[in-house]
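*Asks:* need a 3D model of the sequence below.
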Amino acid sequence: MRPRQGRNGSRHGGGFGSFVRSLLAGVPWSEHAERDDLLRLPRPSSGIIRIHNANGKTRLVGEERADVELLANKNARAESCEAAQALLESIRVIHETAHDVLEIEVDVPRKWNRRGCAHLELRVPRGLSAEIVAANGRVAIEHLRGSVRARSSNGSVDITDVVGDIEVATSNAKVCCSCTRGRLVARSSNGKIELEDHCGSVDASTSNGLIRASLESVGRDGVQLATSNGRIVLDLPEKVDAEVDIRVDNGVIRNDRKLCKASRERNGQLRGRLGNGGALIKLRTSNGSVSLS
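*Replies:* Numbers count the residues shown, from 1 in each chain. As a prediction, the model looks like this:
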């Protein structure tokens, strides 16, 4: 059967998909290629793994295992199927052991009309310590029994069930930590920070965003929460020994705890003692309220 001819003389054969493809031919990023690569690597003798993934999600999960399993989901977009496939083949996941540290880095060739990335999922021995740097991509870390350092420029960081000291920073995204234990340091330039069921000391600050923290216990280094533009909500355990120092420049203080020797030097400041006193709980916001319960 011959293709039907339209009023303007154009032919409609090949279907709508072919029509769209003809319109997009040569347009940057119009074609897509994808592939999964699986690697198994030996456990680093130092117990440390470092990961650098400039563009792509990174997920690290601790398990009862002796090796490191790395699944890389590679994605490429280009102006043609051939170009997308060529870019896909050139995306490399480089791994090496230097000074007994396992180092993993994603290398993606750059060109203005082509885009590539690799989403990484690693299953590692539970006792490893991890250092992750991501420029544009979400970072998730789960079920580790070692220290964690994570930094992302444009992507959230989510840490769950980690026992060990944590340092996390994002530039334009949120930080979420739950069921963690140890010393926790969290930074965000433009994003909220949420901490749930944490045991230990906390030092968290953000330029623009909410800070919400729920603590199971307070470490000897105390709690410091600070934001320039946003609320602070702190939920403490029922029994805690600490010194409280709260200051708000433009906002209100809501306190549901009974403080000994409480004093308000001025409207935006509250000091007092919980229990027998001890670790310092210091809360600061320039524009926002503070809630203590």
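*Asks:* from residue 199, how far off is the nearest residue to residue 220 once chain neighbours are set aside?
*Replies:* Counting by C-beta to C-beta, 6 or more residues apart in numbering, residue 220 lies nearest to residue 279, which is 5.7 Å off, once chain neighbours are set aside. For every residue, glycine as well, the C-beta is placed using N, CA and C. From residue 279 over to residue 199 the distance is 13 Å, taken as C-beta to C-beta, to the nearest Å.
*Asks:* joint contacts of those two?
*Replies:* The contact sets of residue 279 and residue 199 overlap at residue 219 (C-beta atoms under 8 Å, 6 or more residues apart in numbering).
*Asks:* beta partners for residue 184?
*Replies:* residue 166, residue 202 (DSSP bridges).
*Asks:* also residue 211?
*Replies:* Those that pair with residue 211 in a beta bridge, by DSSP bridges, are residue 193, residue 232.
*Asks:* was I right about it contacting residue 229?
*Replies:* No - with contact defined as C-beta atoms under 8 Å, residue 211 does not count as touching residue 229 (11.2 Å).
*Asks:* more crowded one of the two?
*Replies:* residue 211 (27 against 15; other C-beta atoms under 10 Å).
*Asks:* which residues touch that one?
*Replies:* Residue 211 neighbours (C-beta under 8 Å, 6+ apart): 192-194, 204-205, 225-227, 230-233.
*Asks:* ok, 10 Å please
*Replies:* 175, 186, 188, 192-195, 202, 204-205, 225-227, 230-234, 283, 285, 288, 290 (C-beta atoms under 10 Å, 6 or more residues apart in numbering).
*Asks:* returning to what we had before: mutual contacts of residue 211 and residue 229, please.
*Replies:* Joint contacts of residue 211 and residue 229 (C-beta under 10 Å, 6+ apart) are 285, 288.
*Asks:* so what touches stretch 252-264?
*Replies:* 231-236, 238, 240, 242-244, 246-247, 267-277, 283, 285, 288-293.
*Asks:* quick one: residue 89 is in a helix?
*Replies:* Yes - the assignment for residue 89 (DSSP: H, G, I helix; E, B strand; the rest coil) places it in a helix.
*Asks:* distance of it relative to residue 50?
*Replies:* 26 Å.
*Asks:* looking at these two, which has the bigger crowd around it?
*Replies:* Taking other C-beta under 10 Å, residue 89 and residue 50 do not tie; residue 50 has more neighbours (17 against 12).
*Asks:* so how far is the helix or strand where that one lies off the chain centroid?
*Replies:* Assigned by DSSP states H and E, residue 50 belongs to strand 48-55. How far strand 48-55 lies from its chain's middle: 13 Å, per C-alpha atoms, centre = their mean, to the nearest Å.
*Asks:* for it, the averaged confidence score.
*Replies:* Across strand 48-55, pLDDT averages out at 95.
*Asks:* so the following helix or strand past that strand versus strand 48-55, what angle?
*Replies:* Remark: after strand 48-55, the chain's next helix or strand is strand 58-63, criterion DSSP H and E. Between strand 58-63 and strand 48-55, the angle comes out at 150 degrees (axes from the mean of the first three to the mean of the last three C-alpha atoms, to 10 degrees).
*Asks:* show me which residues of strand 58-63 are buried.
*Replies:* Across strand 58-63, burial judged by 16 or more other C-beta atoms under 10 Å covers 58-62.
*Asks:* between these, which sits nearest residue 101?
*Replies:* residue 60 (14.9 Å; C-beta to C-beta).
*Asks:* what residues are up against the closest one?
*Replies:* Residue 60 neighbours (C-beta under 10 Å, 6+ apart): 49, 51, 68, 70, 120-124, 128, 130, 132, 139-144, 148, 150, 159.
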